[in-house]
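In: generate a structure from the sequence data that follows.
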Amino acid sequence: MWSMSRQVFCTLLVVALLVMGGAAAFGQTYDRSETLYTQGSAWGPPSDWNPVTNWEFATGTLGLCYETLFQYNPLTDEMIPWLAESGEWKSSNVYELKIREGMTWQDGTPITAADVQFTFELGQKFDTVYYSGMWDHLDYITQVGDYYLELSFSDPLYHRFENRLYSIAILPQHIWEDYTEEQVTSGANENPVGSGAYMYESHGQDRMVWIRNDNWWGTELLDLVPAPKRIVDIVNSSNNVSLGMLLKGELDLCNNFLPGIKQIVNGGYGIETYYPDTPYMLPADVACLWLNLRTSPMDDAAFRKAVAHAIDVDEIVNVVYGGIVAKANPVGLLPLEGKINYLDEDVVAEHGFGYDPAKAAQLLADAGYVDVDGDGFVETPAGEPIELTIIVPFGWTDWMESINVISRGCQAVGINLQTEFPDYGGYWNQFTTGAFDMAINNFGSAVSNSVWTYFNWLFRSPLRDQMNDGNFGHYDNQDAFDLVVELDKTLPSDTAGMQAVLSQLQEILLTDLPVIPLWYNGAWSQVYTGVWGNFPSAAADTPDFYSVTWGGYWQMGGLLTLTGLELQE
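Out: Have a look, this model is predicted:
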């Protein structure tokens, strides 16, 4: 567990420092006063700079090099005009975009509405482009002059579309228009030319290096200047190595999970987190327990509720994580200030769950699960033995310790649940193909502009043999599927209409419990303040952004973090 004594912590620290042979071990060094060293997104050498490959590209490809129409700040729930100067629904099915004038690509070519139209229409041209599904509802795009577009929808899905406004990289038509489908959807794009504040400089087995674009349009039009001349993103090798680098000042921003953060923050090392004490981190997503509903006894709602009441989430939060995460509400909605989370307290009061072993045992007994053979574990109502496993990837130490807690809790109420730790590939294959009993996952629950993205992940449809993007337990409820679509078709400005739909979804979730929200995974962000200062934090006199380099987070605060940094004396 990561509830460490001082002796264990010091031992870990010494080991981490010994592992590191200094910055030279990681290749070329740069002027420290001009360079921000980051880590936390790349687990292998960079080899792809194609923003259409969606999450496979090198850290910073989307956000530093290529940009989006809007940025989004989850802490203020604000869509920030970026390449777009403005955007609004002119009617229930027509969205108007105005593109900023005076912007250029990194090669000096002007950026116009034609580039935006071209980017969107790539999804119409090639159905292998990840956002091609928008054309199921988008009829056509009309360019009105050089800087205006009108998007006409047959049946608009408002939340899905507005999410894409800050997630789709806008591409230069003059470079991409002659690319083949293979180049667009799977090419490496080795010489990326974007619109962003940073340009490709170099890469190696251990790093990705971006250099500041001093002709970036945002300096003149938005009065923004990123402070570091270079961003050097170091490939992860292990959390212990990351810890050593951070403590030695060889990383400025580390977005890995690091053990013992409480001791680190209070140890005088110049390391800071968003909050100065518990929970230290902003919430990033929701760690959920997924149950495979296609196998017995997970297909029984009474059994699933017993599991929910058997899990001591407080132990996970306080012992495994040492207080750097927070327990989720039973629905799993993220508690962000400034953002409506639509939690229905009445539904939670009636159908919610909490750690209660006695209630878990009673639920099992009432549903006919009894210990027939006296081995301490219950059998099914039909008298069949129950032998279940729960999986997380090997090496994900926080999740490994967490499922040990879950296993012990279930065993204490008579459920024979054992832990297994396959490698990541094995975990993902079992998880997506339904070859598992129980598993922890949080991938599709990340903070976003709309709670629709979360419920779309929970109740993804249609069901397929392999589910890659949600509903991994194969929960089959057409009412829930229809409500997710209804939510998507409700204007985000209609908060009353959204609440009505969301209350129904929450009641279904808590009544059937096809998936069990447990804790808020942290937006791991540890900063070394010896070189750069004024990182975002909860303090009143600092910026209020997510300082995270993960995919999708550069345009949710990462880039704006760079514009607020100050070189320390």
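
In: list the contacts of T61.
Out: 48-51, 169, 192 (Cβ atoms under 8 Å, 6 or more residues apart in numbering). Heads up, the C-betas are built off the backbone N, CA and C, glycines and all.

In: would you list these in TSV and tack on secondary structure and distance to Y37?
Out: Putting the contacts of T61 into TSV (DSSP: H, G, I helix; E, B strand; the rest coil; distance: Cβ to Cβ, whole Å) gives the following:
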residue	secondary structure	distance to Y37
D48	coil	22
W49	coil	20
N50	coil	25
P51	helix	23
A169	coil	25
P192	coil	21
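
In: report the two of those residues separated the most.
Out: Maximum pairwise distance among those (Cβ to Cβ): 13.0 Å, between D48 and A169.

In: out of the two, which sits in the busier spot?
Out: A169 (23 against 17; other Cβ atoms under 10 Å).

In: so that one sits against G60, correct?
Out: No - using Cβ atoms under 8 Å, A169 is not in contact with G60; the gap is 11.8 Å.

In: partners of Y520 in the sheet?
Out: Counting by DSSP bridges, Y520 is bridged to V286, A326.

In: number of residues surrounding it?
Out: The burial count for Y520: 27, using other Cβ under 10 Å.

In: pretty sure it contacts Y280?
Out: No - contact criterion Cβ under 8 Å: Y520 and Y280 do not qualify, at 12.0 Å.

In: circling back: could I get the contacts of T61 as JSON lines with pLDDT?
Out: Listed next are the contacts of T61 as JSON lines, based on pLDDT from 0 to 100:
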{"residue": "D48", "pLDDT": "96"}
{"residue": "W49", "pLDDT": "98"}
{"residue": "N50", "pLDDT": "98"}
{"residue": "P51", "pLDDT": "97"}
{"residue": "A169", "pLDDT": "98"}
{"residue": "P192", "pLDDT": "98"}
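
In: tell me which of the residues you listed is nearest to V241?
Out: For the contacts of T61, the nearest to V241 is D48 (23.7 Å; Cβ to Cβ).

In: only C-alpha atoms, please: export stretch 73-80 in PDB.
Out: What follows is stretch 73-80, C-alpha atoms only, in PDB (Å, rounded to 0.1, in the frame of the first residue of the first chain):
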ATOM      1  CA  ASN A  73     -12.000  25.300 -18.800                       C
ATOM      2  CA  PRO A  74     -13.700  22.700 -16.600                       C
ATOM      3  CA  LEU A  75     -13.100  24.800 -13.500                       C
ATOM      4  CA  THR A  76     -15.300  27.600 -14.800                       C
ATOM      5  CA  ASP A  77     -17.400  25.600 -17.200                       C
ATOM      6  CA  GLU A  78     -16.400  28.000 -19.900                       C
ATOM      7  CA  MET A  79     -15.900  27.500 -23.600                       C
ATOM      8  CA  ILE A  80     -13.100  29.800 -24.600                       C
END
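
In: residues making contact with that stretch?
Out: Contacts for stretch 73-80 (Cβ under 8 Å, 6+ apart): 70-72, 162, 165-166, 282, 336-340, 447-449, 544-546, 556-557, 560.

In: which parts of it are buried?
Out: By neighbour count on 16 or more other Cβ atoms under 10 Å, the buried set for stretch 73-80 is 73-75, 79-80.

In: can you check stretch 500-514 too?
Out: For stretch 500-514, by 16+ other Cβ under 10 Å, it's 501-510, 512-514.

In: go on, stretch 49-56?
Out: So, applying 16+ other Cβ under 10 Å, buried residues of stretch 49-56: 49-54.

In: how about those in TSV, adding distance to L491?
Out: Shown next, in TSV, are these (distance: Cβ to Cβ, whole Å):
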residue	distance to L491
W49	36
N50	34
P51	29
V52	29
T53	32
N54	27
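
In: which helix runs longest in the chain?
Out: helix 495-512 (DSSP state H).

In: re the thing from before, of the contacts of stretch 73-80, which belong to strands?
Out: Applying DSSP state E to the contacts of stretch 73-80, the entries found in strands are 70-72.

In: out of those, which are buried?
Out: For those, buried by 16+ other Cβ under 10 Å: 70-72.

In: and the buried residues of stretch 49-56, which two are furthest apart?
Out: The widest separation within the buried residues of stretch 49-56, taken as Cβ to Cβ, falls between W49 and N54 and amounts to 12.9 Å.

In: mind listing the shared neighbours of these two?
Out: What both W49 and N54 touch, as defined by Cβ under 8 Å, 6+ apart, is an empty set.

In: ok, now how distant is S242 from Q39?
Out: For S242, the distance to Q39 equals 6 Å [Cβ to Cβ, to the nearest Å].

In: again, but for L513
Out: The value you get for L513 to Q39, if Cβ to Cβ is used, is 37 Å.

In: same question, E67
Out: Separation of E67 from Q39 (Cβ to Cβ) stands at 23 Å.

In: ok, now Y427?
Out: Distance from Y427 to Q39, by Cβ to Cβ: 23 Å.

In: what's the domain layout of this structure?
Out: Here the domain parsing of the chain from automatic domain parsing is 7-61+196-277+525-567, 70-186, 283-522.

In: ok now the shortest one, how far from the chain's centre?
Out: In other words, domain 70-186. Here the centre of domain 70-186 is set off from its chain's centre by 22 Å, with Cα atoms, centre = their mean, to the nearest Å.

In: now do the same end-to-end measure for it.
Out: With Cα to Cα, to the nearest Å as the measure, the first residue of domain 70-186 is 25 Å from its last.

In: any stretches of the stretch 401-550 of the chain with poor pLDDT?
Out: Nowhere does the stretch 401-550 of the chain drop to pLDDT under 70.

In: before we move on, the earlier item: identify the farthest-apart pair in the buried residues of stretch 500-514.
Out: For the buried residues of stretch 500-514, the farthest-apart pair by Cβ to Cβ is V501 and L513; their separation is 19.5 Å.
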